[in-house]
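In: coordinates only, sequence not included:
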């Protein structure tokens, strides 16, 4: 009788431990990985790895010319980009800015939509901050 009780207790412990281990393994197989979350985020936004949503652009550099509706920005790689400015474009400095703050030679960072001709329609322009461009230029020379 003592033997039967001992065997039953050992079997209960083994079955309990086995069930616990199997439950842990099952839970691990159901836990989403970081790659799963990144894949879901990319699918939801229409993105691949480390890409911006289609049509969104970020431009940074020095204003080299301007008119009432656009500015041309010299990029760190010495190329240039035309950026279209509208009345809906927000222009920021350390405080709210205006179109008058966009001056030739000024450092800018621009967010907007890429147009079919390669220009960018600005939604936001940050004015007057270097954004590390001097460091980037010295590294490229």
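Out: Yes, it's here. Every value quoted in this text rests on a predicted model; they were computed, and no experiment measured them.
In: From now on I want contacts and neighbour counts done on CA atoms only, so please keep to that.
Out: Fine.
In: Let me know how buried residue 80 is, in neighbour terms.
Out: Residues contacting residue 80 under the criterion other C-alpha atoms under 10 Å number 18.
In: So what's the gap between the longest helix seen in the chain and the chain middle?
Out: Assignment by DSSP state H gives helix 2-30 as the longest helix of the chain. Mean-position distance between helix 2-30 and its chain equals 47 Å (C-alpha atoms, centre = their mean, to the nearest Å).
In: tell me the mean pLDDT for it?
Out: Helix 2-30 shows a mean pLDDT of 83.
In: According to the record, where do the domains of the protein fall?
Out: Following automatic domain parsing, one gets these domains for the chain: 2-45, 56-140.
In: rank the ones you listed by mean pLDDT and give me the bottom one.
Out: Mean pLDDT per stretch puts domain 2-45 lowest among the domains of the chain, at a mean of 73.
In: what residues does stretch 87-95 touch?
Out: The contact list for stretch 87-95, computed with C-alpha atoms under 8 Å, 6 or more residues apart in numbering, reads 97, 98, 99, 122, 123, 124, 125, 126, 127, 128.
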